[in-house]
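>>> no sequence on this one, just coordinates:
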């Protein structure tokens with residue numbers, strides 16, 4: 001029901017464009033271009049809570065295998081699918097008037113080195129809400145990021161970072177790679193790191 005209505009009403013699937021920026025009817029790419037031109041933004045909340053953006057967030061979350069994993073409330077994407085689409089849109093818009101996310105379920109995943117990595121699993125509705133705002137904020141942030149930054153960005157991976165390293169070795173005669181654990185920096189100097197991040201992001 002959800003997929004058929006989404007296409008019928010003209011809400012096209014998302015596609016990736018310049019630098020992996022999510023585009024939906026040109027809206028998100030427009031945000032990217034404005035950010036690239038150092039413009040400031042207003043009314044982003046209205047975009048984030050729009051019916052079309054919520055539908056897009058739902059479809060994106062649904063395509064992720066993790067949508068079948070429940071949070072603390074025991075619900076998965078299957079439970080969301082059973083509801084009328086207008087009901088989901090209305091619930092999210094109402095929740096955001098005084099939003100308080102539910103607790104995150106903690107699960108420990110064993111790493112290759114034998115250590116355990118803590119994984120946080122939000123409730124499915126919180127995941128959709130988070131996705132709504134990620135879709136709006138991501139193109140704005142992407143336009144400001146360094147073009148050779150590859151971690152946790154759309155259409156980028158460690159393979160791209162390795163290709164860049166090989167290029168610099170072969171073309172620029174560089175010979176050293178410095179490995180820095182950014183997590184340790186945040187843990188040792190949380191106040192400095194957060195202040196710097198907020199100061200850099202505030203003008204937007």
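Yes, it's here. Please read all numbers here as calculations on a predicted model, not as lab measurements.

>>> now the end-to-end length of stretch 144-154.
One end of stretch 144-154 to the other measures 14 Å (CA to CA, to the nearest Å).

>>> how about that stretch: buried residues?
Buried residues in stretch 144-154, counted by 16 or more other CB atoms under 10 Å: 150, 153. In short, each C-beta sits where N, CA and C put it, glycine included.

>>> starting at the chain centroid, how far to that stretch?
Between the centre of stretch 144-154 and the centre of its chain there are 13 Å (CA atoms, centre = their mean, to the nearest Å).

>>> swap in stretch 109-129?
From the chain centre to the centre of stretch 109-129 is a distance of 15 Å (CA atoms, centre = their mean).

>>> quick one: contacts of it?
54, 57-58, 61, 66-67, 69-73, 75-77, 79-80, 88, 91-92, 95-96, 99, 101-102, 104-108, 130 (CB atoms under 8 Å, 6 or more residues apart in numbering).

>>> go on, stretch 145-152?
For stretch 145-152, the surrounding residues in contact (CB under 8 Å, 6+ apart) are 19, 153, 156, 157, 158, 160, 161, 164.

>>> Tell me which entries of the residues you listed lie within helices.
Where those overlap with helices, as defined by DSSP state H, the overlap consists of 158, 160, 161, 164.

>>> ok, back up a step: buried by neighbour count, from the contacts of stretch 109-129: which ones?
For these, buried by 16+ other CB under 10 Å: 54, 57-58, 61, 67, 70-71, 76-77, 80, 88, 91-92, 105.

>>> Which of those residues fall in helices?
54, 57, 58, 61, 77, 80, 88, 91, 92.

>>> okay, those in TSV with distance to residue 36 and pLDDT next?
Converted to TSV, these look like this (distance: CB to CB, whole Å; pLDDT from 0 to 100):
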residue	distance to residue 36	pLDDT
54	26	95
57	24	95
58	28	95
61	28	95
77	34	96
80	35	94
88	33	93
91	35	95
92	29	96
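
>>> Spell out, range by range, the strands that occur in this protein.
Using DSSP state E, the strands found in the chain span residues 15-16, 22-23, 105-110, 116-121.

>>> which of the contacts of stretch 145-152 sit farthest apart?
The largest separation in the contacts of stretch 145-152, counting by CB to CB, is between 19 and 158 at 17.4 Å.

>>> Look at those two and report which has more neighbours.
Neighbours were tallied for residue 19 and for residue 158 using other CB atoms under 10 Å; the higher tally belongs to residue 19 (16 against 9).
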